[in-house]
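Enquirer: 3D, please:
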Amino acid sequence: MYQDIKINKFKLRDNVKDSFDSETDFNDIDNYKSDIEKYIFTDIQMIDGFDGIEKAFQSRLQILLSSVLLRSLLLKEGAVIALNNSNFPAYYAVLKSFLEIPALLGYVVHLIYNNDYEKIIPKINDLCLGNKEAGSLFVGRTEAVNILTMFDKLGRVLKDIATEGEDEEAKKKILSSEDVLTSMYKDVCNFAHINYNAHLSIGILDHKNGKWRAKQEASGYKEELYAFYMPSFNTAIDVIKLLCGFIMKNKKVKRFALMSNKKYFR
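Expert: You can find the predicted model right below:
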């Protein structure tokens, strides 16, 4: 199920290659599974409060973290397959969903570091069981957390990390800066939704001759417009790994010391 397909490495055009470390980017993508598999568990018992609120919390969080990261592996794989095939409409659609993974993890980090168990567990349940309203179609009784709320919490967490140890002037500058992941998500949405940017990989406007021309192949887009499609992918990977570390070392989580479930990939 998890094939861990590797990226077909390619060379950037001369006019952009010095602006990016594409070899490191490719390696980070290829190593994603090995970097996060230690956080993924299976056969997890959903424990209730009768076994203690601490254990109930760890149980629910372990389920959430494992399911989210397993899904991220398939999303990463879908993005790599699309990229290998130069299928950018599919790539951006997958990338949009992949960027929502660090948003959820940022929400979790903010939640567990700033609240007690009584407030944390209901929110974890919302993240595990919630869905958005879908008209007359059945979605269950639990309402999902809004994705923009997740990105807002992610932005706060990343700025808290960035300001640690800085002087007041540096802190003020960091706190007033834009939320990078939120901006990246909004940018990718322009390529994933039915907007102007979504069609740049399949056709071009010839302003000189007043024509729109469908592209025959996407190599030019792939090799030259790297800044359009790759930085957000690698940034999301880096942030996911960072936040998983913060989750595991939280005093309430204690690296899931109260749980004895087996690792999924071992």
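Enquirer: looking at the chain, which helix or strand does the model trust least?
Expert: helix 219-224 (a mean of 85; mean pLDDT, DSSP states H and E).
Enquirer: Pull that helix out as PDB, backbone CA atoms only.
Expert: C-alpha atoms of helix 219-224 as PDB (Å, rounded to 0.1, in the frame of the first residue of the first chain):
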ATOM      1  CA  SER A 219       9.400  20.100 -19.400                       C
ATOM      2  CA  GLY A 220       9.800  23.800 -19.600                       C
ATOM      3  CA  TYR A 221       7.400  24.400 -16.700                       C
ATOM      4  CA  LYS A 222       9.100  21.700 -14.600                       C
ATOM      5  CA  GLU A 223      12.700  22.800 -15.200                       C
ATOM      6  CA  GLU A 224      12.200  26.600 -15.100                       C
END
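Enquirer: Show me what it is in contact with.
Expert: With contacts defined as CB atoms under 8 Å, 6 or more residues apart in numbering, helix 219-224 is touched by 10-13, 15-16, 83, 86, 88, 200-201, 215, 228. The C-beta positions use only the backbone N, C-alpha and C, and glycine is treated the same way.
Enquirer: Tabulate these in a markdown table, adding columns for secondary structure, distance to T142 and pLDDT.
Expert: Shown next, in a markdown table, are these (DSSP: H, G, I helix; E, B strand; the rest coil; distance: CB to CB, whole Å; pLDDT from 0 to 100):
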| residue | secondary structure | distance to T142 | pLDDT |
| --- | --- | --- | --- |
| F10 | coil | 44 | 93 |
| K11 | coil | 48 | 93 |
| L12 | coil | 45 | 94 |
| R13 | coil | 49 | 93 |
| N15 | coil | 51 | 91 |
| V16 | coil | 46 | 93 |
| L83 | helix | 35 | 96 |
| S86 | coil | 40 | 93 |
| F88 | helix | 35 | 96 |
| L200 | coil | 39 | 91 |
| S201 | coil | 38 | 91 |
| K215 | coil | 44 | 88 |
| F228 | helix | 37 | 94 |
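Enquirer: Looking at the chain, name the residue that lies furthest from the middle.
Expert: N209 (41.4 Å; CA atoms, centre = their mean).
Enquirer: quick one on the thing from earlier: give me the buried positions along the least confident helix or strand of the chain.
Expert: 221-223 (16 or more other CB atoms under 10 Å).
Enquirer: Reformat the residues you listed as JSON lines; add distance to F256.
Expert: Shown next, in JSON lines, are those (distance: CB to CB, whole Å):
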{"residue": "Y221", "distance to F256": "43"}
{"residue": "K222", "distance to F256": "41"}
{"residue": "E223", "distance to F256": "44"}
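Enquirer: Now flag whichever of those residues is closest to I101.
Expert: Closest to I101 out of the buried residues of helix 219-224 is K222 (23.8 Å), distances taken as CB to CB.
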